[in-house]
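In: here is my input; please provide its structure:
(chains A and B, ligands or ions: 2)
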Amino acid sequence: MANKVYVETTLNGETVEFLCEPRQSLLEVLRDVLGFTGAKEGCLTGDCGACSVIIDGRVVCSCLVLGVEAQGKTIETVEGMARDGQLHPLQQKFLEHAALQCGICTPGFLVAAKALLDRNPNPTEHEVRYALAGNLCRCTGYDKIVRAVLDAAAVMRGGTHGVTGA
Amino acid sequence: MELQEHKFKVIGTRPIRHDGVDKVTGRAKYGADISLPGMLHAKVLRSPHAHARIKSIDVSAALALPGVKAVITGKDLPELPPGSQQMGELVVNPRYLSMNIMARDKVLYDGHAVAAVAATSPHIAEEALKLIKVEYEILPPVLDVRKAMQDDAPILLPELRTSGTPEKSDKPTNIASQVRFARGDLEAGFRAADVIVEREFTTSMVHQGYIEPHNAVAQYNADGHGTIWVSTQGPFSVRELCSHILQMPLGNIKVVPAEIGGGFGGKTTVYLEPLALLLAKKTGRPVKMVMSRAEVLRATGPTSGSYIRCKMGATKEGKITAAQVWMAYEAGAFPGSPVGAGCMTILAPYALENLQIDGFDVVLNKPKTCAYRAPGATNAAFAAETVIDELAEKLGIDPLEFRRRNGAKEGTAQPAGPQFRRIGYIETVEAIMNSEHYRSPLPHVPGKLVGRGVASGFWFNAGFQSTAIVSINSDGTANVVTGSPDIGGTRAACAMIAAEVLGLKAEEVNPVVTDTESIGHTDVTGGSRVTFATGYAVYEAAQDAVRQLKERAATIWKVKPEDVVYQDGVVSCVNNGHEPMTLKQLAGRLARAGGPVTGRAAVNPRGVGPGFATHVVDIAVDPETGKVDILRYTAAQDVGKAVHPSYVEGQIQGGVAQGIGWALNEEYYYDENGIMRNTGFLDYRIPTCLDLPMIETILVEVPNPGHPLGIRGVGEVPIVPPPAAIANALYRAIGVRMTELPMSPAKVAKAVLEKNKAPQ
Ligand code: FES
Ligand code: FES
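Out: Numbering: from 1, shown residues only, chains lettered A, B, ... in the order given. Ligands and ions are numbered 1, 2, ... in the order given. Model prediction:
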């Protein structure tokens, strides 16, 4: 059996150490080794985005990254979005806009949307759709997800709500 | 209390769903998130052939791999007697179900399970699969529904005989059953027609495409009791089906529903659950199983591909005089396509005197189909709504006006016979006629061909059994317990119904979905039934709680319970000077006034409220590539009473998106050997964010007379019209009637090319 590798990484702002097999994906490490089950497995082939995490500021499919590649990196997952008991504006807007039905895609969308707004605080509807095209949702038809992201962006810019609920 | 009489305070508002925070923070536990100490991981070996006899299976090398704890094959599952059984709301053939989850002497489709391995890690289990040696004798597959019906077709199930035929035959066949609905005089109807249109349609198998793969975690105890944690639409069905397949007493199995990452009908049966429980029994350790996406596509779900012939005639005045339909649906490897529902829904939006509908359920070498949102109705509507559109065009009548003239209303007989009660079909047609969308001109898109299409759809509403408990907390808040997995916001809807009855805010009610030992029998989350039927049970349970609260207040006041009134969360006495009490005040005194209050109800409601939808779509076609862009989409639907309008809109938008995928991209692609060639989300392409516009919704509220709150099923019908609406839009754009799903770019480009080549 493969020998395990020692890895040290920053996960949601905290230093984390773990041992993993070289063949284990970062998704598997997060879920099965570290117990962070917020990132979901939808395909393991990089096609659905349910496993999205942010590594050093970029959204990636954690199913396509090896656990050992996390060495020395900064990783953000959905578990790190709410701070001090306060939901991130994206999380709040997803709730207000009913942007989730089953919710399995939600962590991936939130992470991908956060990465978008971190670099583009004022995206157009098309830019939102483009940025989220790597995340599949089978329940919502995306309408309410796009509205929630646009609205969260408006709130984060300090303006009033950009888009209304209905 | 008759709630319809007064204005709703909670129903119709848009509170934040109760399970929302867990789901946006990553805390919610889906099936694959569950882990138990000492847990093993199991994987399934699947057939690489579409049709083959299993000559031998050698598992010795797999068993010898360090870390492997058990291997099972078809031999480890009990042999069950042939025949179907009624199980709750399902008619199930346990023998076929068992053969589907683990092949016996034959594999019947690419991906059919052959063996399963439990090991200390999923990677070791996967390595072990490669060490299992299976010797196959390859048999010719049959992959086309009409070929499968021919006399010389390869036979899948030697014992299968057609049911529903006028005379019994003892010939082996792939036609599992046939059904006919007929009334009136078909020939006279067609003679009376000024215009007749007849066309043939084919549709491909498509998958529900839930993002969460199937999963199961099972544990088996030495006392013969087992527990299964699973993402399922029907924990009670899982219990019942596992009990049959494993021949275990039903009461020895507990099923705990985890959060569920989409189902759309596809998670109403079992695949992994019995295998996980059997492996847990063999190893004495908990066992977890999670499918890969390829396994999900190859071996679960899909809904039927189909061949449909549809002929209709109408008079110059725009009245449909006759309709004849012949439809064959792919059941997959075992009987049970939704062709019956296809037959019952195909002409349901219309009042027809003369009709004949024949349906055939046909087995072939593809995965056993499972329910998919309005099963059978989308294929059917694609055919009928295209023919209707063509009739209207030939008669020079607006397609919506044509539908309005022929539309079903209260009292209209359905194709299957029963008359509709109050329904809102024509209202949906008029809602689209009057919509800003339909009244606006088609946009011009440079370099593209644009078109607008409309179509309608019908789907039932299931009743079935549901149980609910409403308990009052000592601070005057309440808990609602049900057994209906929440797949899209039904916890919130149930809490809102209880809040409405109790005069609480939605946030003051905690909705809980519990396991099969903690609530009475509750049928699957399916058939658009949860808000309708489980909501009905919650309504009744809340009324039961109110009745008890009035009794308690009567005890405190020493008056008769009839003299106590409960309104908007306040109890008061009609005939003397007792100070009214709020629910909070009363709840705090229950301990000394007879004890806690728990309302209960179990229902099997009959007053189902079927749903109708009418959609309009604008598209732009690239004549070079055949790619279709959806420019604008509006869906009107009779939703009865929208309890939480955001989640009703969400159901419509999600259903439309699935319908658009079905129309334009999605298909099971098999090579000539019956091997599925698009087993991932890259090639089985469901719509992304970038493929769709905002989806506008119009909620038409025609209350269901069979429900105390007017609720109808809303979840399924929105998938029904899109393929037909898009086909009708394509006709306007390119001048060709598209009769094959999906209307993929290649097919559209070819149609444009042939049209341009044809002499004008
Ligand atoms: S699980 Fe990683 S992209 Fe689907
Ligand atoms: S909410 Fe179910 S997949 Fe997006």
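
In: how about chain A: which residue is closest to chain B?
Out: A:G38 (2.3 Å; Cβ to the nearest Cβ). Using the backbone N, CA and C atoms, a C-beta is placed for each residue, glycine as well.

In: for that residue, grab the count of nearby residues.
Out: 25 (other Cβ atoms under 10 Å in any protein chain shown).

In: give me the pLDDT value at residue 133.
Out: By default, I'm working from chain A. Note for A:A133: predicted pLDDT of 97.

In: my question was about chain B
Out: pLDDT, B:K133: 98.

In: for it, list each beta-bridge partner.
Out: B:D58 (DSSP bridges).

In: so how many other residues sit close to it?
Out: Neighbour count for B:K133, taken as other Cβ under 10 Å: 12.

In: state the distance from it to B:V71.
Out: Distance, B:K133 to B:V71, using Cβ to Cβ, to the nearest Å: 12 Å.

In: which strand or helix spans the residue nearest the centre of chain A?
Out: In chain A, the centroid-proximal residue (Cα atoms, centre = their mean) is A:V111; its distance is 2.2 Å. Using DSSP states H and E, A:V111 falls within helix A:106-119.

In: elements contacting that helix?
Out: Identification of packing neighbours for helix A:106-119 by 3 or more Cβ pairs under 8 Å, 6 or more residues apart in numbering or on different chains; DSSP states H and E yields strand A:52-55, strand A:58-61, helix A:89-96, helix A:125-131, helix A:143-156, helix B:20-24.

In: what mean pLDDT does it have?
Out: 98.

In: residues touching the residue of chain A closest to chain B, list them.
Out: Counting by Cβ atoms under 8 Å, 6 or more residues apart in numbering or on different chains, A:G38 touches A:T77, A:V78, A:E79, A:P107, B:T25, B:G26, B:R27.

In: apart from its neighbours in sequence, what residue is nearest the fourth one?
Out: The spatially closest residue to A:P107, leaving aside those adjacent along the chain, is A:V78, at 3.7 Å (Cβ to Cβ, 6 or more residues apart in numbering or on different chains).

In: residues near the one you found, how many?
Out: 30.

In: does it really touch B:D22, like I thought?
Out: No - with contacts counted by Cβ atoms under 8 Å, A:V78 stays clear of B:D22, the gap being 11.4 Å.

In: now intersect the contacts of A:G38 with the helices, please.
Out: Of the positions in the contacts of A:G38, A:P107 sit in helices, assigned by DSSP state H.

In: where's B:E127, which helix or strand?
Out: Assessed by DSSP H and E, B:E127 sits inside helix B:122-130.

In: in its sheet, what does the helix or strand where B:N510 lies sit against?
Out: Secondary structure assigned from DSSP H and E places B:N510 in strand B:509-513. Here strand B:509-513 has these sheet partners by DSSP bridges: strand B:478-482 (parallel).

In: for the longest strand seen in chain B, give the mean pLDDT please.
Out: Criterion DSSP state E: the longest strand present in chain B is strand B:320-332. For strand B:320-332, the mean per-residue pLDDT is 98.

In: again, but for stretch B:283-302
Out: Stretch B:283-302 carries an average pLDDT of 98.

In: now residue 25. Nearest residue, chain neighbours left out?
Out: Using chain A here. Residue nearest to A:S25 in three dimensions, not counting chain neighbours: A:C63, with 5.3 Å by Cβ to Cβ, 6+ apart.

In: actually, chain B is the one I wanted.
Out: Nearest to B:T25 is A:A82, by Cβ to Cβ, 6+ apart, at 5.6 Å.

In: ok, B:V559 next?
Out: B:C573 (5.7 Å).

In: return the residues in contact with the one you found.
Out: Counted by Cβ under 8 Å, 6+ apart, B:C573 has contacts B:A553, B:W557, B:V559, B:D563, B:V564, B:V565, B:P580.

In: among those residues, which ones are in strands?
Out: Reading strands off these with DSSP E, I get B:V564, B:V565.

In: would you reformat the contacts of B:C573 as JSON lines and include distance to ligand 2 and pLDDT?
Out: Rendered in JSON lines, the data for those read as follows (distance: Cβ to the nearest ligand atom, whole Å; pLDDT from 0 to 100):
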{"residue": "B:A553", "distance to ligand 2": "43", "pLDDT": "96"}
{"residue": "B:W557", "distance to ligand 2": "49", "pLDDT": "94"}
{"residue": "B:V559", "distance to ligand 2": "50", "pLDDT": "94"}
{"residue": "B:D563", "distance to ligand 2": "49", "pLDDT": "94"}
{"residue": "B:V564", "distance to ligand 2": "44", "pLDDT": "96"}
{"residue": "B:V565", "distance to ligand 2": "42", "pLDDT": "95"}
{"residue": "B:P580", "distance to ligand 2": "43", "pLDDT": "95"}
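
In: just the buried residues of the contacts of B:C573.
Out: B:A553, B:W557, B:V559, B:D563, B:V564 (16 or more other Cβ atoms under 10 Å in any protein chain shown).

In: out of those, what pair is the most spread apart?
Out: The two members of the buried ones among the contacts of B:C573 with the most space between them (Cβ to Cβ) are B:A553 and B:D563, at 9.5 Å.

In: thinking again about what came up before, distance-wise, check the closest residue to the residue nearest to the centre of chain A other than its chain neighbours relative to ligand 1.
Out: Nearest residue to A:V111 in three dimensions, chain neighbours excluded: A:S52, at 4.4 Å (Cβ to Cβ, 6+ apart). Applying Cβ to the nearest ligand atom, to the nearest Å, the value for A:S52 to ligand 1 is 7 Å.

In: quick one, what contacts A:S52?
Out: Neighbouring residues of A:S52 by Cβ under 8 Å, 6+ apart: A:A39, A:V59, A:V60, A:C61, A:S62, A:P107, A:G108, A:F109, A:V111, A:A112, A:G134, A:N135.

In: the residues you listed also near ligand 2: which ones?
Out: Checked against ligand 2 using Cβ under 6 Å from any ligand atom, the contacts of A:S52 give no members in range.

In: list just the nearest of those to B:H18.
Out: Using Cβ to Cβ, the contacts of A:S52 come closest to B:H18 at A:P107, 18.5 Å.

In: re the thing from before, can you add distance to ligand 1 and give the contacts of A:S52 back as TSV?
Out: Output for the contacts of A:S52, formatted as TSV (distance: Cβ to the nearest ligand atom, whole Å):
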residue	distance to ligand 1
A:A39	8
A:V59	11
A:V60	9
A:C61	4
A:S62	7
A:P107	11
A:G108	8
A:F109	12
A:V111	12
A:A112	11
A:G134	8
A:N135	9
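
In: quick check: domain ranges of the chain?
Out: Using chain A. Residue ranges for the domains of chain A, per automatic domain parsing: A:5-80, A:89-156.

In: hmm, I had chain B in mind actually
Out: According to automatic domain parsing, the ranges for chain B are B:3-28+B:463-603, B:34-139+B:211-262+B:267-299, B:306-461+B:608-757.

In: gap between the two ends of the longest one?
Out: From the first residue to the last, domain B:306-461+B:608-757 extends over 30 Å; the measure is Cα to Cα, to the nearest Å.

In: does that domain reach ligand 1?
Out: No - judged by Cβ under 6 Å from any ligand atom, domain B:306-461+B:608-757 stays clear of ligand 1, getting no closer than 7.2 Å.

In: and chain A, is that domain touching that?
Out: Yes - contact of domain B:306-461+B:608-757 with chain A (Cβ under 8 Å from any Cβ of the partner chain) involves B:644-647, B:649-651, B:653-658, B:680-682, B:686, B:688-690, B:692, B:694-695.
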